[in-house]
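Colleague: just a sequence and a predicted model for now, questions to come.
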Amino acid sequence: MTTGSPAAGSVADRLLTAAAVRDSAERLLAIALADDLEDWTVDLTRLEATADLVAEVIRQRYPRLDVPVHSRWRHFVFNGHDLWANMAARAAWRTPEAAARAAFDLVITSVLLDAGAGVGWRFEDQATGLSAARSEGLALASLRWFESGALSADSAEPWRVDAAMLGRVDAVTLQRAFQSDAENPLLGLDGRAALLNRLSAALEARPELFARDDSPRPGGLYDVLRAQAVAGELPAAQILQTLLDAFGPIWEGRPQLQGVALGDCWPHPALTGNRPEDGYAALHKLSQWLAYSLIEPLETAGIRVRDVDGLTGLAEYRNGGLFIDMGVINAREPAKLTTTHRVADAFVVGWRSLTVALLDRLAPLIRSRLGIDAARFPLARVLEGGTWAAGRRTAREMRADGGPPFHISSDGTVF
């Protein structure tokens with residue numbers, strides 16, 4: 001697939017889009033509503049109570065409804081202090097483009113490390129005294145790792161991420177950077193290190209994507225997206241399409257179709273059709289999280305990102321857990337909620353796909369309660385305001401550890 005071109009080059013390419021995520025999710029929801037989905041049932045009457053809760057959470061967190069876009073950048077803000085903004089204010093980048101590449105370097109690396117940390121891990125920040133766990137802890141740790149210059153190959157320019165340095169990362173490196181040990185265990189250290197190693201290889205292999213104006217680095221992707229902008233504008237779905245093309249090789253052990261790595265895209269037995277791609281549920285959670293997270297540095301650099309609702313809700317355990325906890329999604333066999341499942345299991349794939357489709361159903365109900373329209377309150381604000389925070393609240397209320405509604409065996413590259 002040519003970067004930035006319509007995803008029609010191959011059968012597999014048609015799964016590497018935000019539209020494919022929404023399509024397969026809607027198909028699985030229709031099957032569930034017909035009571036034909038093996039693992040799950042859906043009770044749409046519970047959406048009203050769910051919308052009430054999320055609207056309440058949004059008003060508590062953002063009384064003026066000034067909700068930012070859902071992105072990794074929110075996790076760099078603690079007690080009203082924006083640690084990234086503080087860093088950027090001290091930086092001496094020569095041009096807006098140099099600043100954008102650095103922001104891309106940080107957020108791409110941080111998002112790829114943003115898989116479930118486990119309930120027993122925390123990061124203690126020596127500079128501020130902050131103690132943070134889960135996504136916020138991972139964000140804080142990755143920010144400090146970036147700030148230390150340990151990912152830069154150029155001592156004169158410490159705040160950057162170079163392919164060569166990513167290639168040297170191992171589990172021990174991450175253990176030190178993320179303060180992980182037997183008493184403070186971070187899940188998936190080996191998987192996270194291997195992912196960064198594969199990222200290094202992908203950066204080196206695609207200079208047309210990652211080294212247009214510099215040596216290979218994640219931030220090189222900024223130059224590609226800037227070149228794709230028309231009249232200073234870029235559709236959000238095109239950001240995702242470019243990411244899926246650029247980072248496809250870094251996902252190990254994922255399904256392939258016609259030799260193309262599909263990433264976070266999995267077969268599901270309830271999905272059938274005449275085309276090879278019809279049997280797959282596209283999800284692309286981390287890639288969409290990254291697409292949302294690139295909006296702000298692009299706009300800071302003067303590129304307007306439009307059609308943000310071209311992206312979908314995120315198929316992760318906060319949003320998905322909200323629907324289970326509120327009784328919208330229900331397991332046919334409740335005992336399955338007490339066992340551990342693999343990411344590729346139909347039980348997990350179905351739940352994640354239903355989550356995406358139901359977020360589209362929930363968003364208008366939330367906007368109605370807030371008295372605001374979709375143009376001013378796109379799905380990215382609903383998620384941030386929003387469903388993610390409400391999912392965390394219900395998890396804390398229903399489970400002592402505040403974890404997901406059931407256990408998933410992950411290698412640290414999905415959740």
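Modeller: Received it, and whenever you're ready, just let me know what you need.
Colleague: could you measure from residue 187 over to residue 133?
Modeller: Residue 187 sits 12 Å away from residue 133, taking Cβ to Cβ, to the nearest Å as the criterion. The C-beta positions use only the backbone N, C-alpha and C, and glycine is treated the same way.
Colleague: residues that sit against both of the two, list them.
Modeller: 117, 121 (Cβ atoms under 8 Å, 6 or more residues apart in numbering).
Colleague: for residue 177, see how far away residue 171 is.
Modeller: On the measure of Cβ to Cβ, residue 171 and residue 177 end up 11 Å apart.
Colleague: those two: which has the busier surroundings?
Modeller: Neighbour totals were compared for residue 171 and residue 177, and residue 177 leads with 20 against 16 (other Cβ atoms under 10 Å).
Colleague: which stretches of the protein aren't confidently modelled?
Modeller: Residue ranges of the chain with pLDDT under 70: 1-9, 411-415.
Colleague: remind me, longest helix of it?
Modeller: Secondary structure of the chain per DSSP state H: the longest helix is helix 346-370.
Colleague: show me what the helix or strand just after that helix is packed against.
Modeller: Using DSSP states H and E, the next helix or strand after helix 346-370 towards the C-terminus is helix 379-382. Judged by 3 or more Cβ pairs under 8 Å, 6 or more residues apart in numbering; DSSP states H and E, the packing partners of helix 379-382 are helix 346-370.
Colleague: report the buried residues of the helix it packs on.
Modeller: 346-363, 365-367, 369-370 (16 or more other Cβ atoms under 10 Å).
Colleague: in a helix, residue 56, correct?
Modeller: Yes - counting by DSSP: H, G, I helix; E, B strand; the rest coil, residue 56 is found in a helix.
Colleague: which helix or strand contains the residue of the chain positioned farthest from its centre?
Modeller: For the chain, the residue at maximal distance from the C-alpha centroid (Cα atoms, centre = their mean) is residue 156, at 31.5 Å. For residue 156, there is no host helix or strand (DSSP H and E).
Colleague: circling back to that earlier point, who are the packing partners of the longest helix of the chain?
Modeller: Partner elements for helix 346-370 (3+ Cβ pairs under 8 Å, 6+ apart): helix 18-33, strand 40-42, helix 47-61, strand 280-282, helix 317-325, strand 329-331, strand 340-342, helix 379-382.
Colleague: kindly reformat these as a markdown table containing distance to residue 264.
Modeller: Below are these laid out as a markdown table (distance: least, Cβ to Cβ, whole Å):
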| stretch | distance to residue 264 |
| --- | --- |
| helix 18-33 | 9 |
| strand 40-42 | 19 |
| helix 47-61 | 25 |
| strand 280-282 | 8 |
| helix 317-325 | 14 |
| strand 329-331 | 19 |
| strand 340-342 | 14 |
| helix 379-382 | 18 |
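Colleague: do you know which of those lies nearest residue 137?
Modeller: With Cβ to Cβ as the measure, helix 317-325 is the member of the helices and strands packed on helix 346-370 nearest residue 137 (15.0 Å).
Colleague: ok, residues contacting the closest one?
Modeller: Under Cβ under 8 Å, 6+ apart, the answer for helix 317-325 is 50, 54, 116, 313, 329-331, 337, 351-352, 354-355, 358-359, 383, 387-388, 390-392, 394-395, 397-398, 404-405, 408, 415.
Colleague: report the inter-axis angle for it versus helix 346-370.
Modeller: Orientation note: helix 317-325 sits at an angle of 90 degrees relative to helix 346-370 (axes from the mean of the first three to the mean of the last three Cα atoms, to 10 degrees).
Colleague: is it true that residue 145 touches residue 177?
Modeller: Yes - here residue 145 reaches residue 177: they are 4.5 Å apart, a contact under Cβ atoms under 8 Å.
Colleague: coming back round to it: who wins for proximity to residue 121 among the helices and strands packed on helix 346-370?
Modeller: Smallest distance to residue 121 across the helices and strands packed on helix 346-370 (Cβ to Cβ): 15.9 Å, for helix 317-325.
Colleague: what residues does residue 290 make contact with?
Modeller: Residues counted as contacts of residue 290 (Cβ under 8 Å, 6+ apart) are 72, 107, 108, 111, 112, 243.
Colleague: show me what counts as buried in the helix or strand hosting it.
Modeller: According to DSSP H and E, residue 290 maps onto helix 285-300. Buried residues in helix 285-300, counted by 16+ other Cβ under 10 Å: 285-298.
Colleague: ok so, going back, out of the contacts of helix 317-325, which are buried?
Modeller: Applying 16+ other Cβ under 10 Å to these flags 50, 54, 116, 313, 329-331, 351-352, 354-355, 358-359, 383, 387-388, 390-392, 394-395, 404-405, 408, 415 as buried.
Colleague: residues contacting the most centrally placed residue in the chain?
Modeller: Centroid-nearest residue in the chain: residue 289, 2.6 Å away (criterion: Cα atoms, centre = their mean). Shown in contact with residue 289 (Cβ under 8 Å, 6+ apart): 71, 72, 111, 114, 314, 316.
Colleague: what does stretch 211-228 rub up against?
Modeller: With Cβ under 8 Å, 6+ apart, stretch 211-228 has contacts from 3-4, 97, 100-105, 108-109, 153, 160-164, 199, 203-204, 207-210, 234, 238-239, 242-243, 246, 294, 297-298, 301, 303.
Colleague: swap the cut-off to 6 Å and go again
Modeller: Outside of stretch 211-228, the residues within contact range by Cβ atoms under 6 Å, 6 or more residues apart in numbering are 4, 100-101, 104-105, 108, 161-163, 203-204, 209-210.
Colleague: do the same with stretch 79-95
Modeller: Under Cβ under 6 Å, 6+ apart, the answer for stretch 79-95 is 76, 99, 143.
Colleague: picking that back up, go through the contacts of residue 290 and name the one nearest residue 251.
Modeller: Comparing the contacts of residue 290 against residue 251 with Cβ to Cβ places residue 112 closest, at 10.2 Å.
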